[in-house]
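K.L.:
Let me see the structure of the following:
(chains A, B, C and D)
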There are 2 protein chains.
Amino acid sequence: MTKAHPTIAEVARRAGVSPATVSRVLNGTARVSQEKVRAVLQAVEELGYAPSPLAQGLATGRSYAVGILLSDFASPFFGPILEALTLELEATPYRPIAVPGHWSLVRELEALEFLKAHRVEALVLLGTALDGEALGELGIPVLAFGQRVEGPKAWSLCLDNQKAAYEATRYLMDRGHTRIVHVSSHRGGMDVRERLLGYRKAMREAGLEARVVYGDLEEEGGYRAAAEAFRRYPDTTALFAANDQTAFGARLYLYEQGLRVPEDVSLVGFDDIALSAYQIPPLTTVRQPIQEIGIALGRALRAVLAGEVPTPPRLELTLVERASVREVGA
Amino acid sequence: MTKAHPTIAEVARRAGVSPATVSRVLNGTARVSQEKVRAVLQAVEELGYAPSPLAQGLATGRSYAVGILLSDFASPFFGPILEALTLELEATPYRPIAVPGHWSLVRELEALEFLKAHRVEALVLLGTALDGEALGELGIPVLAFGQRVEGPKAWSLCLDNQKAAYEATRYLMDRGHTRIVHVSSHRGGMDVRERLLGYRKAMREAGLEARVVYGDLEEEGGYRAAAEAFRRYPDTTALFAANDQTAFGARLYLYEQGLRVPEDVSLVGFDDIALSAYQIPPLTTVRQPIQEIGIALGRALRAVLAGEVPTPPRLELTLVERASVREVGA
DNA sequence: CTGTTAGCGCTTTCAT
DNA sequence: ATGAAAGCGCTAACAG
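P.N.:
Model (predicted):
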């Protein structure tokens, strides 16, 4: 059995060179003669040597780690973004350290401490509640999705949620709906509030009454919110949910009440998570380009780490028409 | 603006003590006089000092990091397990480093190298394709879910998939179904194969023809597999999918074909992911206790790291009856 | 081109 | 109880 973790010194001894030379060979930091290169490589091979990132980090002051702070590993929205993002980072020397904030501000703060301690070279925020307060003196680039971050090294990827929500509401109105409920949430960040704003704007412009209920951005909350919606507004003909999970919850409530979708009630979601296309009926929803978002964040991260200014990607929120909306009275 | 990362030396200077004493105070490694303790604590506070895990790791040879290797951050099954697991680890000094293998063996191998390099003290495998081969000389405890690992420091959490699949098939047969298709997959690990075995056993015992098609354990594959199933076996009355995502895909196919669930075709899934209860109709499926699995893995991890042998948790796979199955001809 | 020498920030003997 | 000193594994000047 070979030693668990041979050190650079052992490699050097075996190759008959100095540790510095081994380092040079492995990092390509300087020219080394053919024969020594070969000797080193062979020794590395034989010993199964792999440099310790700990030691490297300590010596160089660089960690090549980037922190990713997200609300929740279980989220069908952020999970796939994280997946795309890590995939995008694969080809770089940077390694993501993903930590969940579990929807709690204190946990997010702890997670932030953890990442700071690990000397991450940049930070990506995915739908957290963190604000400038906590991020103030971080001194590293901070990228964010779904929330705005400020500062010299900050970069946020923000899509126009308000406009998209406005258009989704208009879409329902164009199909004859006037009694439209929006299921919003106090949870979540700025983007959720912007959706509410967009809805309100559309309703106001059309001279319609804004009907808003609140969920928790998960299925259960959507179910309860739908129940509340129909208790308060029994004549509702359309539900516009702040995210797809909420829409799924609402959908179940309607089903249990014997209300058909879309015959009796139309339903629109937001996000277009993977499962939305597989709902019965397939859910009409505002598509967030999840994979592209992950990729864009990855690219931006690379740019920022290279000292460049990321070019804002052209990403749009678009309504994808499926089968959960019907013309009123049709 | 305070310095980004004050070192222990600066704290020591400010507190008028030696670095060693600061270390002792912070780690409780030895008795230190009241006054010095106070001085150190104050200096730490004022400087906003946080020890560098890198340096600590280097000095102690311990990393307090545990590696978690999973197939995919986007998975609605492994994502929530990961969430529960990390939550369970929260109260311990150990920090999870989660890396996705992106369903590719080479990537998993790379991820493994990465974790090894980071000196993780234990490894958790969530549905990977890694076998003893690669794990052989790891020298650290390896825990696994959904696959069996061997070795002196290995521990696997395996539920009886075969039995559960057997029972699910019997459940369909008890309701008059005889033409039952199982949608399996070549992807995935041992557990998926065991489900297939359980299905086959039930069919064989009942003298029925085994009808098996294959998907990819995701929605799209389920859709295609369902199409194939009905092409090859048009008289099928029930579909038993190897996981819920597959069932969702199949469900969409049925919907598009005008086949009603459960009136025309009954559908059973496996996993009981969060969304299954919110399908229309709610999906009858074999429940894997996702959260309990995550917690059990977390506990086992703590036990293993404490040098103990984890007590196998009592976790069962149980069929949860919802609305996607109907008595044949009813 | 290559070996020697200093650290990186922390813990841990070893003295005192 | 506490400081000095050595060392964890590696890289980066600095001499040759």
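K.L.:
And A:A247, how far from A:W103?
P.N.:
20 Å (CB to CB, to the nearest Å). To be clear about C-beta, it is placed using only N, CA and C from the backbone, and glycine gets the same treatment.
K.L.:
same question, A:E308
P.N.:
In terms of CB to CB, A:E308 sits 33 Å off from A:W103.
K.L.:
these two touch, right, A:Y171 and A:V325?
P.N.:
Yes: counting by CB atoms under 8 Å, A:V325 is a contact partner of A:Y171 at 7.3 Å.
K.L.:
how about the residue in the stretch 101-250 of chain A that chain B sits nearest to, secondary structure?
P.N.:
Nearest residue of the stretch 101-250 of chain A to chain B, counting by CB to the nearest CB: A:F248, 4.4 Å away. Judged by DSSP: H, G, I helix; E, B strand; the rest coil, the three-state class of A:F248 is helix.
K.L.:
That one: what's it in contact with?
P.N.:
A:219, A:222, A:269, A:275, A:279, A:283, B:275, B:278 (CB atoms under 8 Å, 6 or more residues apart in numbering or on different chains).
K.L.:
again, but for A:F145
P.N.:
Neighbours of A:F145 in contact, by CB under 8 Å, 6+ apart: A:81, A:124-127, A:156-158, A:293, A:297.
K.L.:
for A:H186, same thing?
P.N.:
A:Y214.
K.L.:
Show me what from chain A comes close to DNA strand C.
P.N.:
With CB under 7 Å from any atom of the strand as the criterion, chain A meets DNA strand C at residues A:16-21, A:24, A:30-33, A:35-36, A:55, A:58-59, A:61.
K.L.:
ok, now with 6 Å
P.N.:
Neighbours of DNA strand C within chain A, by CB under 6 Å from any atom of the strand: A:17-18, A:20-21, A:30-33, A:36, A:58-59.
K.L.:
Filter these to keep only those in contact with chain B.
P.N.:
A:L58 (CB under 8 Å from any CB of the partner chain).
K.L.:
Need the max-distance pair from the residues of chain A next to DNA strand C.
P.N.:
Farthest pair in the residues of chain A next to DNA strand C (CB to CB) is A:S33 and A:L58. Separation: 28.9 Å.
K.L.:
neighbour-wise, which of these two wins?
P.N.:
A:L58 (18 against 10; other CB atoms under 10 Å in any protein chain shown).
K.L.:
Surely the more buried one forms part of a helix?
P.N.:
Yes: if the criterion is three-state DSSP, then A:L58 is within a helix.
K.L.:
okay but it is in contact with B:A59, surely?
P.N.:
No: counting by CB under 8 Å, A:L58 stays clear of B:A59, with 9.5 Å between them.
K.L.:
rewinding a little: out of A:A247 and A:W103, which sits in the busier spot?
P.N.:
Between A:A247 and A:W103, counted using other CB under 10 Å, the more crowded position is A:A247 (32 against 18).
K.L.:
any idea how far that one lies from A:G61?
P.N.:
48 Å.
K.L.:
go on, A:L252?
P.N.:
In terms of CB to CB, A:L252 sits 53 Å off from A:G61.
K.L.:
same check, this time on A:V181
P.N.:
For A:V181, the distance to A:G61 - CB to CB - is 55 Å.
K.L.:
do the same with A:I68
P.N.:
Counting by CB to CB - A:I68 and A:G61 are separated by 21 Å.
K.L.:
With neighbour numbers in mind, choose between those two.
P.N.:
A:I68 (26 against 10).
K.L.:
Now do the same for that one: its pLDDT.
P.N.:
In this model, A:I68 is scored at 95, pLDDT.
K.L.:
now it, which residues is it bridged with?
P.N.:
Going by DSSP bridges, A:I68 is paired in beta bridges with A:A98, A:V124.
K.L.:
ok, it touching A:L126?
P.N.:
Yes: contact criterion CB under 8 Å: A:I68 and A:L126 qualify, at 6.7 Å.
K.L.:
tell me the domain boundaries of chain A?
P.N.:
Here the domain assignment for chain A is A:8-51, A:65-159+A:291-305, A:161-288, based on automatic domain parsing.
K.L.:
Worst mean pLDDT among these?
P.N.:
domain A:65-159+A:291-305 (a mean of 90).
K.L.:
Need the contact partners of stretch A:296-312.
P.N.:
Contacts for stretch A:296-312 (CB under 8 Å, 6+ apart): A:66, A:81, A:84-85, A:87-89, A:92, A:94, A:121-122, A:124, A:141, A:143, A:145, A:153, A:155, A:157, A:313, A:315.
K.L.:
Filter these down to just the ones in helices.
P.N.:
Judged by DSSP state H, these include A:81, A:84-85, A:87-89 as members of helices.
K.L.:
Turn these into a markdown table, including neighbour count and distance to A:G198.
P.N.:
What follows is the ones in helices among the contacts of stretch A:296-312, written out as a markdown table (neighbours: other CB atoms under 10 Å in any protein chain shown; distance: CB to CB, whole Å):
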| residue | neighbour count | distance to A:G198 |
| --- | --- | --- |
| A:I81 | 29 | 22 |
| A:A84 | 22 | 26 |
| A:L85 | 30 | 27 |
| A:L87 | 18 | 31 |
| A:E88 | 20 | 30 |
| A:L89 | 21 | 33 |
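K.L.:
rewinding a little: shared neighbours of A:I68 and A:L126, anything?
P.N.:
A:L82.
K.L.:
OK, contacts around A:V265?
P.N.:
By CB under 8 Å, 6+ apart, the neighbours of A:V265 are A:236-239, A:254, A:259.
K.L.:
Then A:E167?
P.N.:
A:198, A:202, A:286, A:319.
K.L.:
hang on, the earlier thing: let me know the closest of the contacts of A:F145 to A:E110.
P.N.:
Nearest member of those to A:E110, counting by CB to CB, is A:L125, at 14.8 Å.
K.L.:
Could you check how many residues crowd around the residue of the stretch 201-330 of chain A found nearest DNA strand D?
P.N.:
At 16.1 Å from DNA strand D, A:L305 is the closest residue in the stretch 201-330 of chain A, using CB to the nearest atom of the strand. By other CB under 10 Å, the residues close to A:L305 number 17.
K.L.:
what's the distance between it and DNA strand C?
P.N.:
Separation of A:L305 from DNA strand C (CB to the nearest atom of the strand, to the nearest Å): 20 Å.
K.L.:
Please apply the same query to A:R13.
P.N.:
A:R13 is 11 Å from DNA strand C, by CB to the nearest atom of the strand.
K.L.:
Quick one: the strands in the stretch 151-300 of chain A, in order.
P.N.:
Using DSSP state E, counting those that start in this stretch, the strands assigned to the stretch 151-300 of chain A run over residues A:154-157, A:180-185, A:211-215, A:238-241, A:266-271, A:284-287.
K.L.:
Now do the contacts for the spatially closest residue to A:L82 that is not a sequence neighbour.
P.N.:
Distance criterion CB to CB, 6 or more residues apart in numbering or on different chains; nearest residue to A:L82, sequence neighbours excluded, is B:F73 at 4.5 Å. Taking CB under 8 Å, 6+ apart, we find B:F73 in contact with A:73, A:79-80, A:82-83, A:86, A:98, B:79, B:82, B:98, B:100.
K.L.:
what residues does the stretch 1-150 of chain A put near chain B?
P.N.:
Counting by CB under 8 Å from any CB, the stretch 1-150 of chain A sits next to chain B at A:1-2, A:4-5, A:50-55, A:57-58, A:63, A:72-76, A:79-80, A:82-83, A:86-87, A:90, A:95, A:97-100, A:102, A:107, A:113-114, A:116-119, A:137, A:139.
K.L.:
Which of the residues you listed fall within helices?
P.N.:
A:53-55, A:57-58, A:79-80, A:82-83, A:86-87, A:107, A:113-114, A:116-117.
K.L.:
Name only those of these that count as buried.
P.N.:
Buried members of those, counted by 16 or more other CB atoms under 10 Å in any protein chain shown: A:53-54, A:57-58, A:79-80, A:82-83, A:86-87, A:107, A:114, A:116-117.
K.L.:
Looking at those residues, spot the one nearest DNA strand C.
P.N.:
Of these, the one sitting nearest to DNA strand C (CB to the nearest atom of the strand) turns out to be A:L58, at 3.8 Å.
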